[in-house]
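1. predicted structure and sequence below. I'll ask about it afterward.
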Amino acid sequence: NAGVTQTPKFRVLKTGQSMTLLCAQDMNHEYMYWYRQDPGMGLRLIHYSVGEGTTAKGEVPDGYNVSRLKKQNFLLGLESAAPSQTSVYFCASTRTVNQPQHFGDGTRLSIL
Amino acid sequence: GDSVTQMEGPVTLSEEAFLTINCTYTATGYPSLFWYVQYPGEGLQLLLKATKADDKGSNKGFEATYRKETTSFHLEKGSVQVSDSAVYFCALSGYSGAGSYQLTFGKGTKLSVIP
């Protein structure tokens, strides 16, 4: 049972490039989340989804877009990468509200 | 809005020492409270949870009690091991509107246990 899988695990981009991070879960969870983790900042919510076809903004949404075309996948896009987006990105999912979230192993993204 | 404040680290302990990591929160309503642990190079894993006042969550020798009167959820372990070395995050789950709950995290406390 894979749980939450994130791809890629590492990536280096140049400023201005675009890319998409993929999150896939095989637990039939309704809710999915994208976070970024920066030193001394804990985890901050970027965007989330409460079901297939829905998305909503979190605490730090600027510079990111998301899509949830299929229930099992949640994509995070960077249209024009900036050095300030250098971070470790985590995806998480949960079956119902107010329940523990299951996390992927993260994507380490560096933007030069 | 909701917030979580946990003690800043890093914390360094000798093996078999007693551990306390303080966590206090601010939230409207009655949030659920969680402790997550992150081992090097990995994602976060749920360590324990409590969903209402006076509940005690426990797992792997760790405990935390939901104290509504002091808005606290301190993590404790009686005897730490080298394998407990990790970053620990306190979090609360609060209603964010539109039928959704969001986790609000503390900044994390890095624990190092030395033999």
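-> Now that the structure is in, tell me what you want to look at. Residues are numbered from 1 along each chain as shown, chains lettered A, B, ... in the order given.
2. just give the closest residue to residue B:78, not the sequence neighbours.
-> residue B:18 (5.9 Å; C-beta to C-beta, 6 or more residues apart in numbering or on different chains). Yep, even glycine has a C-beta here, placed from its N, CA and C like the rest.
3. so who does that neighbour touch?
-> B:76, B:77, B:78, B:79, B:80 (C-beta atoms under 8 Å, 6 or more residues apart in numbering or on different chains).
4. next one: the fourth one relative to residue B:19, how far apart?
-> As for residue B:79, its distance to residue B:19 is 9 Å (criterion: C-beta to C-beta, to the nearest Å).
5. compare the two (neighbour count), which wins?
-> Legend: neighbour count by other C-beta atoms under 10 Å in any protein chain shown for residue B:79 and residue B:19, higher for residue B:19 (18 against 11).
6. so who does that one touch?
-> Counting by C-beta under 8 Å, 6+ apart, residue B:19 makes contact with B:11, B:13, B:75, B:76, B:77, B:80, B:84, B:111.
7. next up, the contacts around the closest residue to chain A within chain B.
-> Residue nearest to chain A within chain B: residue B:43 (3.7 Å; C-beta to the nearest C-beta). The neighbours of residue B:43, taking C-beta under 8 Å, 6+ apart as the test, are A:4, A:90, A:103, A:104, A:105, A:106.
8. wait, the fourth one touches residue A:90, no?
-> In this case it means residue A:104. Yes - in this structure, residue A:104 is within contact of residue A:90 by C-beta atoms under 8 Å, at 6.1 Å.
9. for stretch B:60-69, buried residues please.
-> Residues of stretch B:60-69 classed as buried under the neighbour-count rule (16 or more other C-beta atoms under 10 Å in any protein chain shown) are B:62, B:63, B:64, B:65, B:66, B:67.
10. would TSV of the residues you listed with pLDDT be doable?
-> Putting the buried residues of stretch B:60-69 into TSV (pLDDT from 0 to 100) gives the following:
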residue	pLDDT
B:62	98
B:63	98
B:64	98
B:65	97
B:66	96
B:67	96
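11. the residues you listed: which two are farthest apart?
-> Spanning the widest gap among those are B:62 and B:67, at 16.1 Å by C-beta to C-beta.
12. list the contacts of stretch A:72-85.
-> Applying C-beta under 8 Å, 6+ apart, the set of residues contacting stretch A:72-85 is A:13-26, A:28, A:32-34, A:36, A:46-47, A:49, A:63-69, A:89, A:91, A:93, A:109, A:111-112.
13. kindly recompute the last result at 7 Å.
-> A:13, A:15-26, A:32, A:34, A:46, A:49, A:63-68, A:89, A:91, A:109, A:111 (C-beta atoms under 7 Å, 6 or more residues apart in numbering or on different chains).
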